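In: Could you work out the structure for the sequence below:
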Amino acid sequence: MGGTKKKWIDKEPQRTIAFVVGVLTILVSPVVGLLPGPGGVFVFAAGLALCLRTSRWARRQYVRFKRWQPEAGRWADWGLRRKSARRRERLRKALREEKSGNGSSRDIAKDGATGI
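Out: Reported below is the predicted structural model:
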């Protein structure tokens, strides 16, 4: 009988190691940013993604940041390719179309973007 198979990152020691690697990656990103090119941005994004994936504390801080700076949070979600960002963007577009008279409320439900 098939139970759900846990991912490697769901085990506590691996989560802790991944979080520490994420923090170190974030700390190294300014040094990498001194090199020519946009490398520091990508290094920072990778470290942030690791931290958000493995730490509830980091996720809570991220939510606080998004509430404080919603536009920056929207860009961060887009950059991290989060499903919630895609869902909210579909809902935002559907509502914009509805206000302009080009769409209907059925389009929102059909898209699957029923909540925030």
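In: residues of the helix or strand hosting K99 that come out buried?
Out: K99 belongs to helix 83-100 when assigned by DSSP states H and E. Judged by neighbour count (16 or more other CB atoms under 10 Å), helix 83-100 contains these buried residues: A85, R87, R88, L91, A94. Where you see a C-beta, it was placed from the backbone N, CA and C, and this is true even at glycine.
In: could you say what helices and strands the helix or strand containing I17 packs with?
Out: Per DSSP H and E: I17 is located in helix 12-33. Here helix 12-33 touches helix 39-54, going by 3 or more CB pairs under 8 Å, 6 or more residues apart in numbering; DSSP states H and E.
In: at 10 Å instead, please
Out: Secondary-structure packing of helix 12-33 (3 or more CB pairs under 10 Å, 6 or more residues apart in numbering; DSSP states H and E): helix 39-54, helix 56-68.
In: For the ones you listed, give me JSON lines that also has mean neighbour count and distance to V20.
Out: Shown next, in JSON lines, are the helices and strands packed on helix 12-33 (neighbours: other CB atoms under 10 Å; distance: least, CB to CB, whole Å):
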{"stretch": "helix 39-54", "mean neighbour count": "17", "distance to V20": "9"}
{"stretch": "helix 56-68", "mean neighbour count": "12", "distance to V20": "12"}
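In: need those in a markdown table with mean pLDDT and distance to F19, can you?
Out: A markdown table is the format used below for the helices and strands packed on helix 12-33 (pLDDT from 0 to 100; distance: least, CB to CB, whole Å):
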| stretch | mean pLDDT | distance to F19 |
| --- | --- | --- |
| helix 39-54 | 86 | 4 |
| helix 56-68 | 86 | 7 |
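In: and of those helices, who's closest to T16?
Out: Closest approach to T16 among the helices and strands packed on helix 12-33 (CB to CB): helix 39-54, 7.7 Å.
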